[in-house]
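Colleague: Okay, structure incoming, though there's no sequence with it:
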């Protein structure tokens, strides 16, 4: 089962990425710069993470950004900011 909340009850933030993807790097840099607690899953190196990615609706595009139950496939700083704001991170 995919954990969608943190121990303190906030929506969990998970980035499903690959090492070579420039948009994945942008997503990681954004989360670090905004000081958002998040988990990074490399779907090419972590078989369980790849299964989790598929269970979250990953269809081949990366990154997949998950904030609680909500996901976006691909990278949009604007959409990620909106999701994080709604989740109480900003």
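Modeller: Arrived safely. As the structure is a prediction and not an experimental result, all values here were calculated from the model. Residues are numbered from 1 along each chain as shown.

Colleague: for the protein, what's the longest helix?
Modeller: Using DSSP state H, we find that the single longest helix of the chain is helix 22-33.

Colleague: Any chance you could list what contacts that one?
Modeller: Residues outside helix 22-33 that contact it (CB atoms under 8 Å, 6 or more residues apart in numbering) are 13, 15, 17-18, 38, 40, 62-63, 65, 74-75, 77, 80. Yep, even glycine has a C-beta here, placed from its N, CA and C like the rest.

Colleague: Mind checking which of those residues are buried?
Modeller: Neighbour-count burial (16 or more other CB atoms under 10 Å) is assigned, among the contacts of helix 22-33, to 13, 15, 17, 38, 40, 62-63, 65, 75, 80.

Colleague: where does the nearest residue to residue 24 once chain neighbours are set aside sit relative to residue 85, distance-wise?
Modeller: Spatial nearest neighbour of residue 24, chain neighbours left out: residue 17 (3.6 Å); criterion: CB to CB, 6 or more residues apart in numbering. Look at residue 17 and residue 85: by CB to CB, to the nearest Å, they are 22 Å apart.

Colleague: if we can go back for a sec, and the pLDDT at the residue nearest to residue 24?
Modeller: Looking at residue 17, its pLDDT is 98.

Colleague: And residue 77, by the same measure?
Modeller: 96.

Colleague: Any idea how many residues pack against residue 81?
Modeller: 14 (other CB atoms under 10 Å).

Colleague: Just give the closest residue to it, not the sequence neighbours.
Modeller: That would be residue 90: by CB to CB, 6+ apart, it lies 6.6 Å from residue 81.
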